[in-house]
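Undergrad: A structural model of the following input is requested.
(one chain, ligands or ions: 1)
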Amino acid sequence: MLRVGFLRLAFILGCALCLSAQEQYRPQFHFSPERNWTNDPNGLVYFDGEYHLFFQYNPFGDKWGHMSWGHAVSRDLLHWTQLPVALPEENGVMIFTGSTVVDKANTSGFCTGGKPCLVAVYTGHTPASNGKKALQTQNIAYSNDRGRTWTKFSRNPVLDLHMSDFRDPKVFWSDEGKQWVMAVALPDDHKVQIYGSPNLKDWKQMSDFGPAGATSGQWECPELFPLPIENEAGSRWVLKIGLNPGALQGGSGEQYFIGRFDGTRFINDNGPSQTLWTDYGKDCYCSLTFNNLPKTQPAVMMGWMDNWQYAADLPTEPWRGQMTIPRKLTLRKTAGGLRLVQEPLDGLSSLRQQEQRAAGTAVSAVNKLLSGQQLSSRHTADINVSMDLGSAQAVGLKLLDAGGSETRIHFDRSSNEISVDRTKSGETGFSREFVGRVKAPLRLEGATLRLRVLVDADSIEVFADGGQVAITSLVFPHSGAETLQVFAEGGDPGKISVQSWMLNARR
Ligand code: FRU
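TA: Residues are numbered from 1 along each chain as shown. As a prediction, the model looks like this:
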């Protein structure tokens, strides 16, 4: 009896330990599926008080395959409840990336009971087999019960060019053209095609955009949306396009174009060779904005926090893949032209706990105030830093320092560059492509570095220049790496002030 009791206790204790080791990198305020593989966010839409996040999902394992739309809902974009798979692979046809719209006027004829319904538009992918090449087509499905159950349209596909690479439809209602508009990629041609439809079933091609900007890999996950210009009455359209491989930092990444959309065509404001990058890290891909947000809410975008170079090798289980923090968007007028501005959604501050402050002019004195536990034991923090450069050549932050590992955020005044160095960030051996330092141009206003930094178990998101520069990086720190320190090189900084909070959204 006693022996059985002891064994059972040992088992329970052992399992508790093994579970916590497995979940060591579990994001605490970013979405990750409870188990298995995810890549791109899909079908982001706000409807009836809920934000819906669909996502590329393999229900059967932690590697890419059997692609289906997983599903989660949230009332605040921070606390997510995962629901059963929304759109499963069926008859050998995988459900690739796409978008969801709210059909308010029942243009599709799918909505019942005089109420709006949800219509998902996605790529059906039939893999190559028996000497037949792969086929990608655009398809639709609808839901009359707030996205809980879905019916695939009986006359799918709605768009078929008999091509192997034709994917990732982004659909929205266009007030300009009084019809539905779809932006969809021809990945190998480096083109985004624009189609129009009165009913989501019959589509007519209206225009093509591209090639332009960066074209060294496939074009995927196009996004077309309007944004207001900060402190002005005007607005412009943004056409964002995923590039894989060949992005700025290697592997997958995203570029954007700014221009006008007249209901049928996107007209680039800049020359075709100008390339603007949405994010200077390696880990933000196929980002998507939410359809149907209340008019009072700014545009919100979230991306897959990963890179195809090493996505299959990340040392997490029982899940693999996660999303970025939802980011509110605007455009800002700069000397170089209009630029995308991204900042963490405002609601994030509601998760803040245990405020800590440190201020001073000497690095050692500030670090003394910062010593002790600065990050939560799950390695989470929301950090605001301001550092006057003084006579220093470089200033920055050293994070997650334990057992010889650390991650550095470094601003260099002579090159006007900010970098995130994860060379020694902890567990890095799973891929050579993961190791290294990413850099972004950063012109300071005055001589003060101001950063907002989000740290969450296995990621660091840096927002500099009031959101004009975003750098998203996965990191896998050793346990106990709960530190936050400042540093200065080649001279003495002026005033330093650090304010940080721990964050948690997991129940
Ligand atoms: C981008 C992508 C999309 C495709 C999906 C498949 O990450 O390759 O183009 O629809 O992933 O999972």
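
Undergrad: per-residue pLDDT, the residue in the stretch 401-507 of the chain that the ligand sits nearest to?
TA: The nearest approach of the stretch 401-507 of the chain to the ligand comes at residue 472, 15.1 Å away (Cβ to the nearest ligand atom). No exception for glycine: its C-beta is placed from N, CA and C like everyone else's. According to the prediction, residue 472 has pLDDT 98.

Undergrad: and it, what are its phi and psi?
TA: phi -110, psi 120 (degrees, to the nearest 10).

Undergrad: what about it, how many neighbours?
TA: 30 (other Cβ atoms under 10 Å).

Undergrad: surely it touches residue 456?
TA: No. Taking Cβ atoms under 8 Å as the definition, residue 472 is not a contact partner of residue 456, at 11.2 Å.

Undergrad: tell me which residues form a beta bridge with the residue in the stretch 201-350 of the chain positioned nearest to the ligand?
TA: Nearest residue of the stretch 201-350 of the chain to the ligand (Cβ to the nearest ligand atom) works out as residue 220 at 3.6 Å. In this entry, residue 220 is beta-bridged to residue 242, by DSSP bridges.

Undergrad: check residue 257 too.
TA: Beta bridges link residue 257 to residue 239, judged by DSSP bridges.

Undergrad: now do the contacts for it.
TA: By Cβ atoms under 8 Å, 6 or more residues apart in numbering, the contact list for residue 257 reads 209, 212-213, 238-241, 266, 268-270, 274, 276.

Undergrad: same thing with residue 492?
TA: Residues near residue 492 by Cβ under 8 Å, 6+ apart: 361, 362, 390, 391, 392.

Undergrad: number of nearby residues for the closest residue to residue 484 other than its chain neighbours?
TA: Take residue 484 and drop its neighbours on the chain: the residue closest to it by Cβ to Cβ, 6 or more residues apart in numbering is residue 374, 3.8 Å away. Neighbour count of residue 374, defined by other Cβ under 10 Å: 22.

Undergrad: is residue 374 in contact with residue 500, as I believe?
TA: Yes. Assessed by Cβ under 8 Å, residue 374 is found in contact with residue 500 at 6.1 Å.

Undergrad: need the overlap of contacts for the two.
TA: Counting by Cβ under 8 Å, 6+ apart, the common neighbours of residue 374 and residue 500 are 356, 381, 484.

Undergrad: okay, these in JSON lines with distance to the ligand and pLDDT next?
TA: Shown next, in JSON lines, are the shared contacts of residue 374 and residue 500 (distance: Cβ to the nearest ligand atom, whole Å; pLDDT from 0 to 100):
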{"residue": "356", "distance to the ligand": "38", "pLDDT": "93"}
{"residue": "381", "distance to the ligand": "29", "pLDDT": "95"}
{"residue": "484", "distance to the ligand": "33", "pLDDT": "94"}
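
Undergrad: can I get these in a markdown table including secondary structure and neighbour count?
TA: A markdown table is the format used below for the shared contacts of residue 374 and residue 500 (DSSP: H, G, I helix; E, B strand; the rest coil; neighbours: other Cβ atoms under 10 Å):
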| residue | secondary structure | neighbour count |
| --- | --- | --- |
| 356 | strand | 17 |
| 381 | strand | 23 |
| 484 | strand | 24 |
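
Undergrad: out of these, who's nearest residue 463?
TA: residue 381 (13.6 Å; Cβ to Cβ).

Undergrad: how about the closest one, what does it touch?
TA: Residue 381 makes contact with 374, 375, 453, 454, 455, 484, 500, 501, 502, 503 under the criterion Cβ under 8 Å, 6+ apart.
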